[in-house]
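> I need the structure of the sequence given here:
(2 chains)
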Amino acid sequence: MTVHRRPFLLFLACAMAWLPATAHAQGVRGDVRLNWGWLQLRPFALDSVPEDGVSGSGLQRQLASGTVVTCIEGDFCRWYENNGQRQDIMPFTQDLRFAGWTGVQGLSFHGQMRTRLGSDDLWPRTDQKFDLLTGYLSFNRTAYQIKAGRMYRASGLGYYNFDGASAVWRGLGWMWVEGYAGWSLARGINAPRNGNLYQEADLLATDRRGYLFGGELGFRGGKVFSGSATYQRELRTDRLALYSERAAVDLRALVGGWAFDGAASYDFAYDQLNDARVRITTPQLLGIRFGAQARHYTPFFDYWTIWSAFSPVGFNEGRLSGTWTSRTLPLLVELGGAYREYEDTNAGPSNTTIKKDGYRGFGRIYWSPDKWYVDARYRAEDGFGGSRYGGDLVLGRYLATGSASYVALRGTATETLYEFREGERYVTGGALEGSYDITTANLTLDATLGFYRIEDKNRPLADTWTEGRASVGLRWRFNTGGTR
Amino acid sequence: MRRLAYLSALVLTVGAGALFAATRGAFEFPHQKHAALGAAGCESCHAGIYSGDAALNVSADPALCAGCHNGQAFPEVGYTGYTPQESGLKFQHANHPKLGCQTCHGIPGGEGEMAVQAASGDTCLACHGNGATDHFEVGVNPCETCHYDPAPGHTPDWQTQHATAAAAELPQCSQCHKETFCVDCHDGPKNPGMQYHPANFVTRHSAESWAAPMECAECHSREVFCRDCHSNQGVAQDGRQNGGYHDGVANWLQQHGAAARQGMESCTSCHQQTQCLACHSAKQGWRVNPHGPDFDPERAADRSTQSCAICHTGY
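Purely as a prediction, here's the structure:
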């Protein structure tokens, strides 16, 4: 469980204090989601034999079958093997999301929590039984908003979650200023950096939590311009080092149906632009809209790792896309592509020539006559590291016009190539998907069942197998009404 | 970077030209110059607007204008009718009769029925937004109540292309979307029923992770999420079967440098730092220097001497 006691207890106490009043006259709305999944994997298992059961000498030896094993003198010889057996993985999650109004104007409480069952080591984080994803009190007035608790913060730097407080002032209407501070949580896992998840995943994982603080200045020029600048710093709680120091700028203009975007994020320690892009989207004319984007991307790594010191290089990419929405037919067509080129690595001579560029092409046709729909998508990724070509074809039918209930049949085919690995992979399969919305009961039930044939060609020891996947989800929405 | 700069300049130039063209010639009827017509009521020109008969074309009939602007009483005008701009809104005037025109179109402080302007989306959000007093908001009414799919500005690729808009206009986003809406996707491994990625993306995600059309680490921890699965499936260093992932290149260990610098994110999805430090450390092993020519050690050390100390003594 990754809940931190202080903020969680604070949140819980506040929520409990207000709940009686809330139940009496105020509104609480939210939903409960139950999701059960089933999938099959063929994990590798570590096997071993005594050293005297293997002929030869040295660290690397071979079994009679040809399997290479690693031997430690006086110990066992070990190897990983795939015995072809499937393992059924059945993760089950329960989410509760709610927002409640307390009776004090502007004061509300919000929460999102998740439990996970199905303790399989093979599905990430199923050993983490409970997550408080968000849980905060919000005091929201026209000119300002104050939040305290566990919250996410979205900015040009991406998504960061933390336990703490934030305050936004927007008294002038056309601009806003925000400050925030608290204990940081690691991105993507909603847990402290010194928690067991990191400790188990990396031998050099940091041993300290982090403080996160930052500020944002934003402005809005009517409906035309808007922008924001963010500065954020994350440091160890013993203040011996930073985990990150970053800034971001985002600008957007909407004029006459034209959209102009510009954004950049910057890493102070390594003097690098991580993700910078400019983009133009045209207005829709005769149902056609185009978009063009230029982007530079270099990955960002936290400072507790050594990765940025290895001087990773980025790529520059141009992207064009267009969509056509028919005025007379229930038809949408989308086409696009991108080309990227990597910067010079300065990595010295090598006998291996690696790809220095890559392209992407994608297309989609969505046709929805009456209650039926056909959704065909194709995507080709070709370039450095790996390539894939393939797509999905979905044929579906809504149970009634305007209804969210549907049933669909999906077919899929993909070829994947690896630049540095032997062989190529083909994935073909299909699935039955559906959703049933019981509006009167605020219930939605959805389910999928699919089977995918996985074939590795030109790869030793790889055999073809079929993977099964299924999911069942239930969502119940509640709303007690009331006013804020 | 130079190519990117050229491309950016080109995009901005084309954009500026298009912007200039788009903003020229936009017709806007000068309502306040025609204040005297206000007494007849809005429906005298916008007939049928409440009944829904004119829901698809709310502008006045050109014949009405020509009645006065006939070249004798008033100069002729070239108005031939107004083609409404395409909109992603499902808004119908007929559905909002009780509000009255001034509620949405009135100019604050303006006098008379003709002190009007185009309605702002903010007016809609006063009732339909996330902070609406009466909770018409998301969760009660889905987006499709007001918006055609895709919603205005939310292009078909919006799901993967909204980052800048979200950052630049966050207060606007929050009008319709609650924080939990974002968490639905920005929360790493999640409910099996979620469909952010294509079906069975797990078995075909490799190329996308190399190409990084989006930053995977935005939602997925490289250390915890990626490595965990890669180990179980035998493609990570500590879960490999014989040749592992790099068996397509002979002597990979001796010539992986360029690939590592180009695809560092992919490396970290399988390898722990200690595995690289076996060679790339000033304290041990082969002492191979991993720093590129632009590496500024003082700048990095200013932020984190601890990461320097992993490989170097004296920190």
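> Please make it C-alpha for all contacts and neighbour counts, starting now.
Will do.
> Name the SS class of residue A:347, please.
coil (DSSP: H, G, I helix; E, B strand; the rest coil).
> how's chain B carved up into domains?
B:86-186, B:209-241+B:256-309 (automatic domain parsing).
> Mind checking the pLDDT average for the last one?
Yep, that's domain B:209-241+B:256-309 we're talking about. For domain B:209-241+B:256-309, mean pLDDT is 88.
> That one: end-to-end distance?
30 Å (Cα to Cα, to the nearest Å).
> Buried residues, stretch A:290-302. List them.
A:290, A:291, A:292, A:293, A:294, A:295, A:296, A:297, A:298, A:299, A:300, A:301 (16 or more other Cα atoms under 10 Å in any protein chain shown).
> swap that for stretch A:73-93, please
A:76-82, A:86, A:88-93.
> among those residues, which are in reach of chain B?
A:79, A:80, A:81, A:91, A:92, A:93 (Cα under 8 Å from any Cα of the partner chain).
> Take those and write them to TSV, including pLDDT and secondary structure.
Listed next are these as TSV, based on pLDDT from 0 to 100; DSSP: H, G, I helix; E, B strand; the rest coil:
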residue	pLDDT	secondary structure
A:79	77	strand
A:80	74	strand
A:81	73	strand
A:91	87	coil
A:92	88	strand
A:93	87	strand
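> Considering those, which is situated nearest to chain B?
Using Cα to the nearest Cα, residue A:80 comes nearest to chain B of these, at 5.3 Å.
> Show me where the stretch 1-150 of chain A has its strands.
A:28-41, A:45-50, A:60-62, A:68-71, A:76-81, A:87-89, A:92-101, A:107-117, A:130-140, A:144-155 (DSSP state E, counting those that start in this stretch).
> In CSV, list the C-alpha atoms belonging to the longest one.
Taking Å, rounded to 0.1, in the frame of the first residue of the first chain, the C-alpha atoms of strand A:28-41 are listed here in CSV:
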residue,chain,number,x,y,z
VAL,A,28,-21.8,13.5,-4.2
ARG,A,29,-21.2,12.1,-7.6
GLY,A,30,-18.9,9.6,-9.0
ASP,A,31,-18.6,6.1,-10.2
VAL,A,32,-17.5,2.6,-9.3
ARG,A,33,-15.7,0.5,-11.8
LEU,A,34,-15.0,-3.1,-11.6
ASN,A,35,-12.7,-4.6,-14.2
TRP,A,36,-11.6,-8.2,-14.5
GLY,A,37,-9.1,-9.3,-17.1
TRP,A,38,-7.9,-12.6,-18.3
LEU,A,39,-4.8,-13.0,-20.5
GLN,A,40,-2.3,-15.7,-21.2
LEU,A,41,1.4,-15.4,-21.1
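> What is the least confident helix or strand in chain A?
Between all helices and strands in chain A, the lowest mean by mean pLDDT, DSSP states H and E belongs to helix A:5-25, at a mean of 54.
> Would you check that residue B:69 makes contact with residue B:77?
Yes: the pair formed by residue B:69 and residue B:77 meets the contact definition of Cα atoms under 8 Å, at 6.3 Å.
> So the two - more neighbours on which side?
residue B:69 (17 against 13; other Cα atoms under 10 Å in any protein chain shown).
> OK, contacts around that one?
Residue B:69 makes contact with B:75, B:76, B:77, according to Cα atoms under 8 Å, 6 or more residues apart in numbering or on different chains.
> Any figure for the gap between the spatially most central residue of chain A and residue B:32?
Central residue check for chain A by Cα atoms, centre = their mean: the C-alpha nearest the mean position is that of residue A:188, 7.5 Å away. Applying Cα to Cα, the value for residue A:188 to residue B:32 is 55 Å.
> Residue A:317 falls within a helix, correct?
No: using three-state DSSP, the assignment for residue A:317 is strand, not a helix.
> Can you check what pLDDT the model gives it?
At residue A:317, pLDDT is 97.
> and it, how many residues sit next to it?
Neighbours of residue A:317 (other Cα under 10 Å): 23.
> Could you measure from it over to chain B?
8 Å (Cα to the nearest Cα, to the nearest Å).
> What about the residue lying closest to that residue once chain neighbours are set aside, how many residues nearby?
Excluding the flanking residues, the one nearest residue A:317 by Cα to Cα, 6 or more residues apart in numbering or on different chains is residue A:340, at 4.0 Å. The local packing of residue A:340 (other Cα under 10 Å) involves 23 other residues.
> For the helix or strand residue A:340 falls within, name the packing helices and strands.
Per DSSP states H and E, residue A:340 falls inside strand A:331-342. Packing partners of strand A:331-342 (3 or more Cα pairs under 8 Å, 6 or more residues apart in numbering or on different chains; DSSP states H and E): strand A:315-325, strand A:357-367.
> what about it, distance to the chain center?
21 Å (Cα atoms, centre = their mean, to the nearest Å).
> ok, that strand: who's next to it in the sheet?
strand A:315-325 (antiparallel), strand A:357-367 (antiparallel) (DSSP bridges).
> I'd guessed the residue nearest to the centre of chain A sits against residue B:223; true?
No: Residue A:188 lies out of contact with residue B:223 (Cα under 8 Å); the separation is 10.1 Å.
> Run through the residues that contact residue 123.
The chain I'm using is chain A. With Cα under 8 Å, 6+ apart, residue A:123 has these contacts: A:89, A:91, B:229.
> you looked at the wrong chain, it should be chain B
So residue B:123 contacts residue B:104 (Cα under 8 Å, 6+ apart).
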